[in-house]
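Trainee: Please work out how this folds:
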Amino acid sequence: MRVSALYRHPIKSHGRESLEGVRLEAGQSMPFDRRWAVAHDSAKADGTTWAPCANFSRGAKAPQLMAINAVLDEATHEVTLTHPDRDPLTVHPIRDADRLIAWVQPLVPQDRALPARVLELVGRGYTDTPFASLSLCNQVSHRAVETLNKGPLSLLRWRGNLWFEGTAPWQEFEWIDRDLRLGGSTLRVKERITRCLATTANPETGEWDVDTLGMLNTLGHQDFGVYVEVTQSGNIALGDTLELL
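Mentor: So this is what the prediction gives:
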(Lines give C-alpha, C1' and ligand atoms only; values in the text may rest on other atoms or scores of the structure.)
Protein backbone atom coordinates (compact mmCIF):
# COMPACT_ATOMS: atom_id res chain seq x y z
CA MET A 1 0.00 0.00 0.00
CA ARG A 2 1.23 3.48 -0.84
CA VAL A 3 0.27 7.07 -0.06
CA SER A 4 -1.50 8.63 -3.03
CA ALA A 5 -2.45 12.09 -1.69
CA LEU A 6 -1.92 14.36 1.31
CA TYR A 7 -4.17 17.27 2.32
CA ARG A 8 -4.47 19.73 5.16
CA HIS A 9 -7.23 22.21 5.97
CA PRO A 10 -5.65 25.26 7.68
CA ILE A 11 -9.02 26.84 8.55
CA LYS A 12 -11.57 24.20 9.53
CA SER A 13 -14.18 23.76 6.76
CA HIS A 14 -12.71 26.69 4.82
CA GLY A 15 -10.52 25.17 2.13
CA ARG A 16 -8.02 22.41 1.55
CA GLU A 17 -4.42 22.33 0.40
CA SER A 18 -2.53 19.44 -1.18
CA LEU A 19 0.97 18.62 0.09
CA GLU A 20 3.98 16.70 -1.20
CA GLY A 21 5.23 15.76 2.26
CA VAL A 22 5.01 16.73 5.92
CA ARG A 23 6.43 15.83 9.33
CA LEU A 24 3.99 14.25 11.76
CA GLU A 25 4.43 14.73 15.49
CA ALA A 26 3.23 12.24 18.11
CA GLY A 27 0.04 13.37 19.81
CA GLN A 28 -0.70 16.08 17.26
CA SER A 29 -2.79 16.40 14.13
CA MET A 30 -1.22 17.09 10.74
CA PRO A 31 0.75 20.35 11.13
CA PHE A 32 -1.56 23.35 10.62
CA ASP A 33 -4.56 21.13 9.90
CA ARG A 34 -7.67 22.85 11.29
CA ARG A 35 -5.42 25.10 13.37
CA TRP A 36 -8.01 27.85 12.97
CA ALA A 37 -11.80 27.62 12.96
CA VAL A 38 -14.62 30.09 12.37
CA ALA A 39 -16.94 30.05 15.38
CA HIS A 40 -20.54 31.10 14.74
CA ASP A 41 -22.59 33.53 16.79
CA SER A 42 -24.20 30.75 18.88
CA ALA A 43 -20.91 28.99 19.68
CA LYS A 44 -19.87 28.21 23.25
CA ALA A 45 -16.23 27.61 22.29
CA ASP A 46 -13.82 30.23 23.66
CA GLY A 47 -10.51 29.11 22.13
CA THR A 48 -8.96 27.79 25.33
CA THR A 49 -9.45 24.13 24.48
CA TRP A 50 -10.83 21.76 21.85
CA ALA A 51 -14.52 22.11 21.02
CA PRO A 52 -16.85 19.96 18.87
CA CYS A 53 -17.72 20.91 15.31
CA ALA A 54 -21.22 22.13 16.24
CA ASN A 55 -19.54 25.36 17.39
CA PHE A 56 -18.19 26.22 13.95
CA SER A 57 -19.26 27.19 10.45
CA ARG A 58 -18.98 24.00 8.39
CA GLY A 59 -19.92 22.38 5.12
CA ALA A 60 -22.74 20.29 6.58
CA LYS A 61 -24.71 23.50 7.19
CA ALA A 62 -23.17 25.76 4.53
CA PRO A 63 -22.37 23.75 1.37
CA GLN A 64 -20.73 26.71 -0.38
CA LEU A 65 -17.82 26.39 2.05
CA MET A 66 -16.94 23.09 0.35
CA ALA A 67 -15.83 24.98 -2.79
CA ILE A 68 -13.05 26.89 -1.00
CA ASN A 69 -9.39 26.14 -1.69
CA ALA A 70 -6.60 27.29 0.62
CA VAL A 71 -2.86 27.88 0.48
CA LEU A 72 -0.96 28.49 3.72
CA ASP A 73 2.29 30.43 4.03
CA GLU A 74 3.86 28.67 7.01
CA ALA A 75 6.33 31.51 7.60
CA THR A 76 3.73 34.27 7.94
CA HIS A 77 0.68 32.14 8.86
CA GLU A 78 -1.22 33.91 6.11
CA VAL A 79 -3.83 31.88 4.24
CA THR A 80 -4.93 32.60 0.67
CA LEU A 81 -8.52 31.51 0.03
CA THR A 82 -10.22 31.12 -3.34
CA HIS A 83 -13.82 30.36 -4.26
CA PRO A 84 -15.63 30.44 -7.64
CA ASP A 85 -17.97 33.20 -6.41
CA ARG A 86 -15.51 35.34 -4.41
CA ASP A 87 -12.37 37.33 -5.16
CA PRO A 88 -9.21 35.73 -3.73
CA LEU A 89 -8.39 36.72 -0.16
CA THR A 90 -5.08 36.56 1.72
CA VAL A 91 -5.40 36.95 5.50
CA HIS A 92 -3.83 36.07 8.79
CA PRO A 93 -6.79 34.22 10.36
CA ILE A 94 -6.45 35.91 13.76
CA ARG A 95 -5.03 39.32 12.91
CA ASP A 96 -7.40 39.74 9.95
CA ALA A 97 -10.37 37.92 11.42
CA ASP A 98 -12.83 40.68 10.48
CA ARG A 99 -11.80 40.49 6.82
CA LEU A 100 -12.05 36.71 6.84
CA ILE A 101 -15.55 36.77 8.35
CA ALA A 102 -16.70 39.44 5.87
CA TRP A 103 -15.37 37.34 2.97
CA VAL A 104 -17.09 34.16 4.05
CA GLN A 105 -20.37 35.78 5.16
CA PRO A 106 -22.07 35.57 1.70
CA LEU A 107 -21.22 31.84 1.51
CA VAL A 108 -23.31 30.79 4.51
CA PRO A 109 -27.11 30.61 4.81
CA GLN A 110 -28.37 33.81 6.39
CA ASP A 111 -31.11 32.03 8.35
CA ARG A 112 -28.60 29.98 10.36
CA ALA A 113 -25.95 30.81 12.95
CA LEU A 114 -23.55 33.26 11.27
CA PRO A 115 -19.74 33.43 11.39
CA ALA A 116 -18.70 35.60 14.31
CA ARG A 117 -15.05 35.08 15.35
CA VAL A 118 -11.94 33.05 14.57
CA LEU A 119 -10.32 30.71 17.11
CA GLU A 120 -6.88 29.12 17.08
CA LEU A 121 -5.72 25.85 18.61
CA VAL A 122 -2.01 25.16 18.13
CA GLY A 123 -0.73 21.59 17.78
CA ARG A 124 -3.83 19.43 17.89
CA GLY A 125 -6.20 21.70 15.94
CA TYR A 126 -10.01 21.67 15.86
CA THR A 127 -10.27 18.14 14.52
CA ASP A 128 -13.67 16.42 14.43
CA THR A 129 -12.60 14.15 17.30
CA PRO A 130 -11.85 14.87 20.98
CA PHE A 131 -8.34 13.52 20.36
CA ALA A 132 -5.75 14.89 17.92
CA SER A 133 -6.57 12.90 14.80
CA LEU A 134 -5.84 12.58 11.11
CA SER A 135 -8.28 11.07 8.65
CA LEU A 136 -7.02 8.14 6.61
CA CYS A 137 -8.97 7.33 3.44
CA ASN A 138 -8.79 4.41 1.03
CA GLN A 139 -8.80 5.43 -2.63
CA VAL A 140 -10.19 2.01 -3.57
CA SER A 141 -13.13 2.55 -1.20
CA HIS A 142 -13.70 5.85 -2.98
CA ARG A 143 -13.84 4.01 -6.29
CA ALA A 144 -16.44 1.69 -4.78
CA VAL A 145 -18.60 4.74 -4.01
CA GLU A 146 -18.05 5.98 -7.58
CA THR A 147 -19.38 2.63 -8.79
CA LEU A 148 -22.51 3.13 -6.70
CA ASN A 149 -22.80 6.65 -8.11
CA LYS A 150 -22.33 5.36 -11.67
CA GLY A 151 -19.95 8.23 -12.29
CA PRO A 152 -16.79 9.96 -11.01
CA LEU A 153 -16.66 11.84 -7.70
CA SER A 154 -14.01 14.16 -6.34
CA LEU A 155 -11.82 12.88 -3.49
CA LEU A 156 -12.22 16.34 -1.95
CA ARG A 157 -15.75 15.52 -0.80
CA TRP A 158 -14.27 13.43 2.02
CA ARG A 159 -11.80 16.07 3.33
CA GLY A 160 -9.23 13.37 4.07
CA ASN A 161 -5.71 14.07 5.32
CA LEU A 162 -4.01 10.86 4.19
CA TRP A 163 -5.01 8.89 1.08
CA PHE A 164 -3.65 5.47 0.19
CA GLU A 165 -4.24 2.74 -2.38
CA GLY A 166 -3.21 -0.87 -2.85
CA THR A 167 -5.76 -2.83 -0.83
CA ALA A 168 -9.37 -3.97 -1.07
CA PRO A 169 -12.24 -1.51 -0.57
CA TRP A 170 -13.33 -0.99 3.04
CA GLN A 171 -10.44 -3.06 4.38
CA GLU A 172 -9.42 -0.10 6.53
CA PHE A 173 -12.45 -0.78 8.74
CA GLU A 174 -10.73 -3.97 9.90
CA TRP A 175 -7.73 -2.06 11.26
CA ILE A 176 -9.31 -0.54 14.38
CA ASP A 177 -6.80 -0.66 17.29
CA ARG A 178 -4.03 -1.75 14.89
CA ASP A 179 -0.79 0.11 14.17
CA LEU A 180 0.41 1.34 10.79
CA ARG A 181 3.88 2.35 9.69
CA LEU A 182 3.87 5.29 7.29
CA GLY A 183 7.23 6.70 6.21
CA GLY A 184 9.08 7.46 9.43
CA SER A 185 5.93 7.63 11.54
CA THR A 186 3.64 5.18 13.31
CA LEU A 187 -0.13 5.58 13.43
CA ARG A 188 -2.78 3.92 15.59
CA VAL A 189 -6.16 3.37 13.93
CA LYS A 190 -8.83 4.57 16.36
CA GLU A 191 -12.30 4.56 14.82
CA ARG A 192 -14.38 4.71 11.66
CA ILE A 193 -15.51 8.10 10.34
CA THR A 194 -19.26 8.55 10.20
CA ARG A 195 -20.01 11.01 7.42
CA CYS A 196 -22.24 14.09 7.32
CA LEU A 197 -24.04 16.22 4.72
CA ALA A 198 -20.83 18.04 3.77
CA THR A 199 -19.91 15.09 1.54
CA THR A 200 -23.06 15.62 -0.54
CA ALA A 201 -21.80 19.04 -1.73
CA ASN A 202 -19.77 19.44 -4.91
CA PRO A 203 -16.28 20.72 -3.99
CA GLU A 204 -16.08 22.69 -7.25
CA THR A 205 -19.44 24.46 -7.11
CA GLY A 206 -20.49 24.26 -3.46
CA GLU A 207 -23.90 22.91 -4.46
CA TRP A 208 -25.56 19.85 -2.95
CA ASP A 209 -25.65 17.40 -5.85
CA VAL A 210 -24.92 13.75 -4.88
CA ASP A 211 -26.48 11.61 -2.15
CA THR A 212 -23.23 10.15 -0.84
CA LEU A 213 -24.88 9.29 2.48
CA GLY A 214 -27.65 7.35 0.76
CA MET A 215 -25.10 5.39 -1.22
CA LEU A 216 -23.09 4.54 1.88
CA ASN A 217 -26.24 3.45 3.69
CA THR A 218 -26.93 0.88 0.97
CA LEU A 219 -23.79 -0.81 2.34
CA GLY A 220 -25.21 -0.90 5.85
CA HIS A 221 -23.28 2.03 7.27
CA GLN A 222 -22.61 5.77 6.79
CA ASP A 223 -18.83 5.56 7.20
CA PHE A 224 -15.91 6.46 5.00
CA GLY A 225 -12.29 6.36 6.17
CA VAL A 226 -10.83 5.98 9.65
CA TYR A 227 -9.42 8.33 12.23
CA VAL A 228 -5.81 7.68 13.25
CA GLU A 229 -3.52 9.22 15.84
CA VAL A 230 0.23 9.68 15.53
CA THR A 231 2.08 7.55 18.10
CA GLN A 232 5.59 7.98 16.69
CA SER A 233 6.87 11.14 15.02
CA GLY A 234 8.31 11.01 11.53
CA ASN A 235 8.40 12.43 8.03
CA ILE A 236 5.93 11.23 5.41
CA ALA A 237 5.62 11.94 1.68
CA LEU A 238 3.66 11.00 -1.40
CA GLY A 239 4.56 7.48 -2.53
CA ASP A 240 5.56 6.29 0.94
CA THR A 241 4.68 2.74 1.88
CA LEU A 242 1.80 2.20 4.30
CA GLU A 243 2.31 -1.02 6.24
CA LEU A 244 -0.02 -2.76 8.66
CA LEU A 245 1.98 -3.85 11.73
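Trainee: Number of residues surrounding residue 193?
Mentor: Counted with other CB atoms under 10 Å, the neighbours of residue 193 add up to 22. The C-beta positions use only the backbone N, C-alpha and C, and glycine is treated the same way.
Trainee: scratch that, residue 44 is what I was asking about
Mentor: Residue 44 sits with 9 neighbouring residues when counted by other CB under 10 Å.
Trainee: Tell me which residues touch the residue nearest to it when sequence neighbours are not counted, please.
Mentor: Spatial nearest neighbour of residue 44, excluding adjacent residues (CB to CB, 6 or more residues apart in numbering): residue 55 at 6.2 Å. For residue 55, the contact set (CB atoms under 8 Å, 6 or more residues apart in numbering) comprises 37, 39, 40, 43, 44, 45.
Trainee: how close does the residue positioned nearest the centre of the chain get to residue 134?
Mentor: Nearest to the mean C-alpha position of the chain, by CA atoms, centre = their mean, lies residue 159 at 3.7 Å. According to CB to CB, to the nearest Å, residue 159 and residue 134 sit 11 Å apart.
Trainee: So residue 62 sits against residue 105, correct?
Mentor: No: checked against CB atoms under 8 Å, the pair residue 62 and residue 105 is beyond contact range at 10.4 Å.
Trainee: If you count surrounding residues, which of the two has more?
Mentor: Set residue 62 next to residue 105 and count neighbours by other CB under 10 Å: residue 62 wins out with 24 against 12.
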